[in-house]
Every structure is written in C-alpha cells, then in structure tokens.
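Student: got a structure for you, letters missing:
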C-alpha cells in the first residue's frame, strides 16, 4: 500500500523551483506562469523529502488531500472491502430548493445544522439524462449514501450474489426500467479503535471523517451478506454517508467484469 498526498497551492516560480529541487513534479496553472493561479503536485509518504514538502504546503496555506493506493494482492486478500462510488452524475429530483428531501426522505428528525437524521422512505427520482459513460456504478450529486446501477449490469453481475435493488423513478414518478438503486443491506457496527468522531452541537449525532489512510475499519460482527452498511456515518456536515461494505465474492465479481465507477478499499482483518 502507498499513502499518497495531493497538494494544491498558489503557484510562483520560486515555489515551483523549490518543489523541483525536492524531486517533485508540479502541474502549473493554466496559462503557465500565471501569478496567483493554482498548481498541483503529488508525493508518496516515505519518499525523500516528503515531510519537508508537507511543511512547505502548510506554510504556503495550500490544501492537502490524502488517499491510499492498494496493491491488487491486498484487495484480493481482504475478506471485505469498502465500496466507494466515485462516478457522479445528475441530481435528485425535484432539485429546486432541495425539494427532493421532503419527497424522498422522512425529515421529521433531520437536524437543521448537520443534516443527519433523515431516513429514505420513497424511491429517488432522477432525470433520464444520467451520464454513465463506461461506469457501472453511479451516485447523484448532493447524495453520498445512495448507489445506483444500470439494471442490466446489476442483473448480470450482482443480483445472483444476493444483492437486492430498489426502484428508481423519473421526475413524474414513473418507475424506470433501466436504473436501480442498490439495497445496502443490514447496518453493522465498525471497529473504530481510537478514532474519535465529531458530535453535532445541536442534535448530538456523531460523524467520522472519511477514512483516507490505510485499511478501512472492520465490522465487529460481519454478517453473512454480500453487501451491508456501517452504523457509523462518514463525511462532513450535510454530506455524510454510511460506508458500503462488500464481501470478497462481490469484489471478485466487480474485478472479473471490470466494473467501473467505484474504488475498492480493503477492510482490516477482523479481530
């Protein structure tokens, strides 16, 4: 596994030269040489000079994002993997004034500050213009917890493994015959170790930052299910989701068919 850092910072020739001297490549702003434009660079944790680079980015008030790159062997060896949908297209309907919330969710217990507490009680409505490209998995903008697939792909690769699907409707309420929402299965506690959550000052609900370093937390008592979701919620205010966890059988099916639109994040070995 590799812990990878992506830096975004205000470009200057001096900063470009400094990072180059530390062995980093810099993607300059467009047009090149634009003073005040933002540049991007990357480094792997443990590479020579990576600690100095991190310090420079903080000094320059830059932004750092972290992710983990796993080897195919690490993914294959995991008993479960977190399924992170990365392809987004479209918006839940009706989108004006976020009216989809009241139509799709029971919002009677939704917190006005953090957005937690809403429960899905009706099918999502979407426009027929979703852009799938070559992706098998899709999420909607504004909605992190729901995962969508084309019905034909779900039927061919995941339905037979026991993953159920929920209906999806068009904006007028007619059930679509070519798109489904995956049923995320039972809710299961994850072993968070010493990772602390953040409690909302209004409702008291706890959320965790999205896991970005190393293996994903394991389920305390993983069920005999192809797909389940975490009790814990991950994300930021008004944009949280339960983690989606799939079995090794599902991982093999995704890899064998080359299904795109998601990242597979190996979970820690159960204790």
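Tutor: That came through fine. Here the structure is a predicted model, which means the values were calculated and not measured.

Student: Please point out which parts of stretch 232-248 sit buried.
Tutor: Neighbour counts using 16 or more other C-beta atoms under 10 Å place 232-235, 240-248 of stretch 232-248 among the buried residues. Yep, even glycine has a C-beta here, placed from its N, CA and C like the rest.

Student: Leaving out chain neighbours, which residue sits closest to the residue most central in space within the chain?
Tutor: In the chain, the residue lying closest to the centroid (C-alpha atoms, centre = their mean) is residue 84, at 4.2 Å. Nearest non-adjacent residue to residue 84, counting by C-beta to C-beta, 6 or more residues apart in numbering: residue 263, 4.4 Å away.

Student: Quickly note the distance from residue 176 to residue 147.
Tutor: 15 Å (C-beta to C-beta, to the nearest Å).

Student: of these two, who's got more company?
Tutor: Neighbour comparison, residue 176 and residue 147: the larger count goes to residue 147, with 24 against 18 (by other C-beta atoms under 10 Å).

Student: How about the more buried one: what's its closest non-neighbour residue?
Tutor: residue 182 is the one closest to residue 147 (C-beta to C-beta, 6+ apart), at 4.6 Å.

Student: Report the contact partners of that neighbour.
Tutor: Listed by C-beta atoms under 8 Å, 6 or more residues apart in numbering, the contact set of residue 182 reads 147, 148, 149, 154, 158, 163, 164, 165, 166, 227, 244.

Student: Tell me, how many residues neighbour the fifth one?
Tutor: The reference is to residue 158. By other C-beta under 10 Å, 25 other residues sit near residue 158.

Student: mind listing what it touches?
Tutor: Contacts for residue 158 (C-beta under 8 Å, 6+ apart) come out as 149, 182, 226, 250, 253.

Student: Tell me the most packed of these, by neighbour count.
Tutor: residue 149 (26 neighbours).

Student: returning to that earlier point: closest one to residue 191 out of the contacts of residue 182, please.
Tutor: Nearest to residue 191 among the contacts of residue 182 is residue 244, at 16.9 Å by C-beta to C-beta.

Student: wouldn't that closest one be in contact with residue 229 here?
Tutor: Yes - with contact defined as C-beta atoms under 8 Å, residue 244 counts as touching residue 229 (5.6 Å).

Student: Give me the common contacts of those two.
Tutor: Common neighbours of residue 244 and residue 229 (C-beta under 8 Å, 6+ apart) are residue 184.

Student: circling back to that earlier point, regarding the residue nearest to residue 84, what is its secondary structure?
Tutor: Per DSSP: H, G, I helix; E, B strand; the rest coil, the local secondary structure of residue 263 is strand.
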